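> I would like to see how this sequence folds:
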Amino acid sequence: MATANRRTGGRGTAWGAVLLALAVLAGALGWFYRAPIAGYAATGAAFGARTACACRYVAGRDLNDCEKDFEPGMGAVFLSDDPDTRTVTAWVPLLASDTARYVEGYGCVLDRWEG
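Below is the predicted model:
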């Protein structure tokens, strides 16, 4: 009677090890660069909120049109608008968020940071 040959190891195990190594490397790089990443995220959120608020409530443009005013590389910054309070909130998911409010006579100002 013939028996089937079974492979042990193989490609599935090799790909799993490569993916695990890449995940560990990405985590280590994220931990090493956590301060600059957090700084860029906070700066991007603040700039996005202030710029979009001025675009929306000073220039009177649509919020979707305001993303054209962003600098290159700000694709991770998302916007939301609250017309009742005349505020725009910008955030980088899981990292930073900031809100700018339209104040008559001053234009758009960022909300105070709690720190």
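> select the longest helix from the chain.
Longest among the helix segments of the chain by residue count, using DSSP state H, is helix 11-32.
> just give me how far that one sits from the chain centre.
23 Å (C-alpha atoms, centre = their mean, to the nearest Å).
> okay, angle between the helix or strand following it and helix 11-32 too, please.
Remark: after helix 11-32, the chain's next helix or strand is helix 34-53, criterion DSSP states H and E. Relative orientation of helix 34-53 and helix 11-32, computed by axes from the mean of the first three to the mean of the last three C-alpha atoms, to 10 degrees: 70 degrees.
> just checking, what packs against helix 34-53?
helix 63-66, strand 78-82, strand 87-92, strand 96-103, strand 107-110 (3 or more C-beta pairs under 8 Å, 6 or more residues apart in numbering; DSSP states H and E). For every residue, glycine as well, the C-beta is placed using N, CA and C.
> quick check: chain neighbours aside, which residue is closest to the most centrally placed residue in the chain?
Residue closest to the average C-alpha location in the chain (C-alpha atoms, centre = their mean): Val92, at 2.5 Å. Counting by C-beta to C-beta, 6 or more residues apart in numbering, Val92 lies nearest to Ala41, which is 4.2 Å off, once chain neighbours are set aside.
> likewise Thr51?
Asp69 is the one closest to Thr51 (C-beta to C-beta, 6+ apart), at 5.3 Å.
> got the contact list for that neighbour?
Residues near Asp69 by C-beta atoms under 8 Å, 6 or more residues apart in numbering: Thr51, Ala52, Cys55.
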